[in-house]
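>>> Need the 3D shape of this:
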Amino acid sequence: MPDQTTNHNEPADESVSGYYENYSETQKEVLATEIRRTRNSLYTLAAIVFASDLLGLFMLDIFVWQSILVILIVPVILVGLSFLASKEPLTAIIIASAIIIGVWVYTIIQLGAGAAITGWLVRAIIIYFLIAGFQHAREAMRIRKELGV
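As a prediction, the model looks like this:
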């Protein structure tokens with residue numbers, strides 16, 4: 001007769017560890033998704049900033065090829081921050097926010113209060129993507145802390 005002594009706790013232990021492994025794998029996938037979304041927010045912000053600056057140059061009829069280098073500074077920094085977002089998403093989006101707000105403050109100081117009103121639609125879109133990126137980065141950091149990664 002086969003040995004009937006089996007440990008009834010083994011299936012429960014295996015199922016608990018199985019659930020934890022599945023949860024952990026799911027959280028890792030969500031972490032990768034949130035980091036990707038944070039990076040995409042930064043890429044989108046870079047494109048919006050570049051396009052709005054380029055449009056501004058064309059509207060003012062002061063487009064020269066050397067000005068492309070000047071208006072590429074902030075978008076290049078934002079693209080660089082998207083690479084930082086792979087490791088530190090919250091830090092990257094906070095730095096991006098500080099840079100964009102700094103540029104806006106500088107513009108208002110240089111051009112006066114009228115500069116705060118002009119381009120309000122573009123600024124609203126930029127604020128939307130900053131908030132979305134911040135939410136994704138915060139969620140990524142929460143999951144990273146939870147997983148201990």
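>>> burial count for residue 134?
18 (other CB atoms under 10 Å). Bear in mind the C-beta positions are built from the backbone N, C-alpha and C, glycine included.
>>> That one sits in which helix or strand?
helix 120-147 (DSSP states H and E).
>>> got a list of what the residue most central in space within the chain touches?
The centroid of the chain falls nearest to residue 38 when counting by CA atoms, centre = their mean (2.4 Å). Applying CB atoms under 8 Å, 6 or more residues apart in numbering, one finds that residue 38 lies in contact with 82, 85, 89, 92-93, 133, 136-137, 140.
>>> what about the residue nearest to residue 67 when sequence neighbours are not counted, how many residues close to it?
Closest residue in space to residue 67, ignoring its immediate chain neighbours: residue 57 at 5.7 Å, by CB to CB, 6 or more residues apart in numbering. Residues lying near residue 57 (other CB under 10 Å) number 16.
>>> any idea how far residue 49 is from residue 57?
Going from residue 57 to residue 49 by CB to CB, to the nearest Å gives 13 Å.
>>> Can you pick out the most distant pair from the contacts of residue 38?
Farthest pair in those (CB to CB) is 82 and 140. Separation: 13.2 Å.
>>> And the helix or strand of the chain with the lowest mean pLDDT, how far out from the chain middle?
Within the chain, no helix or strand scores below helix 114-117, which has a mean of 78 by mean pLDDT, DSSP states H and E. Mean-position distance between helix 114-117 and its chain equals 27 Å (CA atoms, centre = their mean, to the nearest Å).
>>> Many thanks, we can stop here.
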